[in-house]
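Q: coordinates only, no sequence provided:
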């Protein structure tokens with residue numbers, strides 16, 4: 001016997017602005033019931049003596065060292081640009097603005 005009714009599924013669908021058929025209400029009610037049962041089983045297993053974890057294995061810092069390196073000069077940055085103007089990248093106008 002499902003814990004969630006067709007009326008509850010219909011209400012959720014209305015809140016989500018989803019158009020569902022009568023057949024879909026039955027299917028979704030069964031699927032949502034399975035999801036709720038699975039969540040309940042996980043909740044039963046969780047105990048106070050088990051610390052919460054975000055990963056199954058311990059992680060170490062996976063980031064590289066933050067090393068300062070010289071950046072590109074303006075000429076180097078603009079060297080690969082298809083078009084430049086007054087020391088800047090030139091890009092096509094997209095908003096139709098007047099000059």
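A: Structure received. Treat the numbers as computed from the prediction; the structure is a model and nothing was measured.
Q: for residue 57, see how far away residue 49 is.
A: For residue 49, the distance to residue 57 (Cβ to Cβ, to the nearest Å) stands at 20 Å. Just so you know, the C-beta spots here come from the backbone N, C-alpha and C atoms, and that holds for glycine as well.
Q: touching stretch 75-92 from outside, list them.
A: Identification of contacts with stretch 75-92 by Cβ atoms under 8 Å, 6 or more residues apart in numbering yields residue 74.
Q: show the average pLDDT along it.
A: Predicted confidence along stretch 75-92 averages 93 (mean pLDDT).
Q: centre-most residue in this structure?
A: By Cα atoms, centre = their mean, the chain has its centre lying nearest to residue 54, at 17.0 Å.
Q: contact partners for that residue?
A: Neighbour list for residue 54: empty [criterion: Cβ under 8 Å, 6+ apart].
Q: check what pLDDT it gets.
A: For residue 54, pLDDT reads 79.
Q: relative to residue 70, how far out is residue 77?
A: 12 Å.
Q: next one: residue 22
A: In terms of Cβ to Cβ, residue 22 sits 68 Å off from residue 70.
Q: same check, this time on residue 30
A: In this view, residue 30 and residue 70 are 62 Å apart by Cβ to Cβ.
Q: kindly report the same for residue 64.
A: 17 Å.
Q: next one: the longest helix anywhere in the chain to chain centre, how far?
A: If you go by DSSP state H, the chain has its longest helix at helix 22-45. Centroid separation between helix 22-45 and its chain, computed with Cα atoms, centre = their mean, to the nearest Å, is 23 Å.
Q: list the contacts of that helix.
A: With contacts defined as Cβ under 8 Å, 6+ apart, helix 22-45 is touched by 2, 3, 4, 5, 6, 8, 9, 10, 13, 20.
Q: at 6 Å instead, please
A: Applying Cβ atoms under 6 Å, 6 or more residues apart in numbering, the contact partners of helix 22-45 are 2, 3, 4, 6, 9, 10.
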